[in-house]
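J.: quick one, structure for this:
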Amino acid sequence: MGQQIRQTLSFAVFFILLTVIFALPLFASPLVSSGSAATDINYSLPYPGLLPDNPLYVLKAVRDKIVSMLISDPKSKAEFDLLQADKRLSGAFVLSKQYPVKGQLVVDTISKGENYFSFALGQAKLAHDQGVEVNGLLDQLENAAGKHEQVILGIESGLSKKDSEQLAFEAKRVSDFISQAKKIRSQK
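T.: Down below sits the predicted model:
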């Protein structure tokens, strides 16, 4: 009897692992193809995890704030802040596709994500000013800004006029991030 239970348990664990391995890329695929193929930017957004409408999302946000406070290196903090911006954008994208009526939550999530993006630029500048090599990070920030703008403009089409106007403001803000990254690179 014990052998049969172990075999059943092993099969169940194996099946769950296969499901997770093969199903997650299917759920994440819309994030990659959010724009047209001709203008698609070679930058992948991460899997968002919990969406902003989940009651446990508050715990995730608190955890992220604590981790952020523990990072002291400006370059590492910039990378972390960029990851947070990417996660919030991908979460907002998924939320906009699953629940288009939650437009204000989508806009708020994007705005908070772009705040993280702004923090990432500030940390990249601080690292640059300290003499740390940040060219790779600046390349990543420029690519990310292009992807953020592309995804935001793709979300805009399914929302109310008020929410679309707020998203247009966020898209403009993101386009300014590209020039800010280039300005950091040009400073000696």
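
J.: for the protein, what spans make up the helices?
T.: Using DSSP state H, the helices of the chain run over residues 2-32, 57-70, 74-98, 103-129, 135-156, 161-186.

J.: of these, which is nearest Asn42?
T.: Comparison of those against Asn42 by Cβ to Cβ identifies helix 135-156 as nearest, at 6.9 Å. The way it works is simple: take the backbone N, C-alpha and C, and place the C-beta from them, glycine included.

J.: just give me the residue right at the centre of the chain.
T.: Asp86 (1.5 Å; Cα atoms, centre = their mean).

J.: wait, that residue sits on Pro46?
T.: Yes. Using Cβ atoms under 8 Å, Asp86 makes contact with Pro46 at a distance of 5.4 Å.

J.: to Ile41, which of the helices of the chain lies closest?
T.: That would be helix 135-156 among those, by Cβ to Cβ, at 4.5 Å.

J.: packing partners for that closest one?
T.: When contacts are defined as 3 or more Cβ pairs under 8 Å, 6 or more residues apart in numbering; DSSP states H and E, helix 135-156 packs onto helix 74-98, helix 103-129, helix 161-186.

J.: okay, Ser96: pLDDT?
T.: Model confidence at Ser96, given as pLDDT, is 89.

J.: over to Lys75?
T.: pLDDT recorded at Lys75 is 96.

J.: what's the burial count for it?
T.: Per other Cβ atoms under 10 Å, the neighbour tally for Lys75 reads 19.

J.: try the one 4 residues further on
T.: Taking other Cβ under 10 Å as the criterion, the count of residues near Glu79 is 19.

J.: please apply the same query to Leu83.
T.: Under the criterion other Cβ under 10 Å, the count of neighbours that Leu83 has is 15.

J.: same question, Ser96
T.: Ser96: 26 neighbours (other Cβ under 10 Å).
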